[in-house]
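K.L.:
pasting the structure only:
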Ligand SMILES: Nc1ncnc2c1ncn2[C@@H]1O[C@H](COP(=O)(O)OP(=O)(O)OP(=O)(O)O)[C@@H](O)[C@H]1O
């Protein structure tokens, strides 16, 4: 594919993806790469969080948005297999990836700096340059971030979560809520990649199908999951002590807020 402009290539891919129609993702999971990737990373047990339930039309729309977002991420993963063009865009003041800062200036832990470089990131994107100083501040600051798709928001909040955990404390300290099972797995993958050189920090998925014994306490410092299961783990099963949470991430907040059930659950977890 011609990739004179990385951003243009992303737009073209996204337009093509729209014409395929996101409904295929849910209607024919066996024919879709999206679900097979989720299966790959979860021993063939991929299943939509809300599968089998009757949902209002607006929830369907929001799920379609979440599915579209997942598709964009998967497409982009293939596009960003060379960092050269990202590098060029990061030097172009008109690009949303433009940045003057370096990761060193953010004074990341050496293990995380190593993880970031191993992912091929040479410098932060614009949103990362702007948001990371706030996200890395002690104590962490509240932040609502919005930027174009594919500009590095996920990488930013993953880095913030990894920076804030204390690996010596064996209990959950960061919660990340995603609108769908598949997006939770995708974000989890980024946490695993970025935290590759920080093995003391552990991650657990609060997703349907991950059943834990009643009465147990989690040892993992980061929990990523979908709203329903996360809420159950916090309030019904008490696997997580919400008072010990230092960082709470609401991924795809627009989708979450637009979906009534997710909105209620997210607010209850946050409280
Ligand atoms: N600083 C960086 N340098 C190079 N590549 C980066 C950088 N930050 C992120 N990327 C890569 O760019 C792609 C998009 O990043 P990311 O998924 O974090 O964007 P996003 O804004 O969360 O996207 P979306 O809006 O779809 O959720 C990913 O492949 C990621 O690995």
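P.N.:
Arrived safely. Only a predicted model underlies this, so the values are computations on that prediction, with no experimental measurement involved. Residues are numbered from 1 along each chain as shown.
K.L.:
name the element residue 66 belongs to?
P.N.:
helix 57-79 (DSSP states H and E).
K.L.:
the stretch 51-200 of the chain: strands as residue ranges?
P.N.:
All strands of the stretch 51-200 of the chain, identified by DSSP state E, counting those that start in this stretch, fall at 174-177.
K.L.:
low pLDDT regions in the chain?
P.N.:
1-63, 73-91, 93-100, 258, 260-263, 266, 270-271 (pLDDT under 70).
K.L.:
by contact count, what packs against the helix or strand that residue 257 is a member of?
P.N.:
Secondary structure assigned from DSSP H and E places residue 257 in helix 253-258. Secondary-structure packing of helix 253-258 (3 or more Cβ pairs under 8 Å, 6 or more residues apart in numbering; DSSP states H and E): helix 57-79, helix 260-270. No exception for glycine: its C-beta is placed from N, CA and C like everyone else's.
K.L.:
how long is stretch 111-129 end to end?
P.N.:
19 Å (Cα to Cα, to the nearest Å).
K.L.:
could you list the buried residues of it?
P.N.:
111-113, 115-116, 121, 123-129 (16 or more other Cβ atoms under 10 Å).
K.L.:
so which of those residues would count as near the ligand as well?
P.N.:
Among the buried residues of stretch 111-129, the ones lying near the ligand by Cβ under 6 Å from any ligand atom are 121, 124, 125, 128.
K.L.:
now, which of these lie within helices?
P.N.:
With helices taken from DSSP state H, the overlap with these comprises residue 128.
K.L.:
burial measure for residue 190, as a count.
P.N.:
If you count neighbours by other Cβ atoms under 10 Å, residue 190 ends up with 18.
K.L.:
who's in contact with the residue lying closest to it once chain neighbours are set aside?
P.N.:
Leaving aside its sequence neighbours, residue 190 sits nearest to residue 158 (Cβ to Cβ, 6 or more residues apart in numbering; 5.0 Å). Residues in contact with residue 158 (Cβ atoms under 8 Å, 6 or more residues apart in numbering) are 187, 190, 191, 194.
K.L.:
redo these as TSV? Include distance to the ligand.
P.N.:
Formatted as TSV, the contacts of residue 158 follow (distance: Cβ to the nearest ligand atom, whole Å):
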residue	distance to the ligand
187	9
190	7
191	12
194	9
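K.L.:
helices along the stretch 151-271 of the chain, start to end?
P.N.:
For the stretch 151-271 of the chain, the helices defined by DSSP state H, counting those that start in this stretch cover 153-164, 181-194, 227-231, 253-258, 260-270.
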